[in-house]
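*Asks:* no FASTA, just this:
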């Protein structure tokens, strides 16, 4: 029960911050920070894929409802949750078999940033491909994915550096 309440608190905080603040920031018309991805990135390693996808679906749905977007955050967040464990497995040091929350304490900075960057690129690619729903504007798609990935990664890295459990 304690774990559920902890996740629910983080879920609510990140959803509110995303909806009230970050959804309204669009640098140069391209870059938007998707800070709520931190919730998906920080799910415990051995949380079942179904639970991860349910949490991600709910979080994406909340962002879509309050951001007035037609399900693109829901689809992208759920797709990321589906692939997250495969990506995380690449960066987990050999010999670590226990459950943990991905962070710099276990993965170290280089691996954590690589893990987060790959996850964010996947999310942004799915999100912007669904948003544009065309491949006739590849430059716009590339700039949107790259700039949003970099901005999101910047915020994730800053928040991770202040996270006490990561040190």
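*Replies:* Done, it's in. This is a predicted model, so every value here is computed, not measured.
*Asks:* and after the lengthiest helix in the chain, which helix or strand comes next?
*Replies:* Using DSSP state H, we find that the single longest helix of the chain is helix 104-132. Downstream of helix 104-132, the next assigned helix or strand under DSSP states H and E is helix 138-162.
*Asks:* Would you mind pulling up the elements that that next one packs against?
*Replies:* For helix 138-162, the packing partners by 3 or more Cβ pairs under 8 Å, 6 or more residues apart in numbering; DSSP states H and E come out as helix 37-41, helix 104-132. C-beta here means a position set from N, CA and C on the backbone, and glycine is covered the same way.
*Asks:* got the angle for that helix vs helix 104-132?
*Replies:* When axes from the mean of the first three to the mean of the last three Cα atoms, to 10 degrees is applied, the directions of helix 138-162 and helix 104-132 differ by 150 degrees.
*Asks:* Quick one: neighbours of the closest residue to residue 52 other than its chain neighbours, just the number.
*Replies:* Counting by Cβ to Cβ, 6 or more residues apart in numbering, residue 52 lies nearest to residue 81, which is 4.3 Å off, once chain neighbours are set aside. When neighbours are defined as other Cβ atoms under 10 Å, residue 81 has 26 of them.
*Asks:* buried ones in the host helix or strand of residue 81?
*Replies:* Here residue 81 is covered by helix 72-91, with elements defined by DSSP H and E. Within helix 72-91, the residues that count as buried by 16 or more other Cβ atoms under 10 Å are 72-81, 84-85, 87-88, 91.
*Asks:* can you check stretch 113-127 too?
*Replies:* Along stretch 113-127, the positions that meet the burial threshold by neighbour count (16+ other Cβ under 10 Å) are 113, 115-127.
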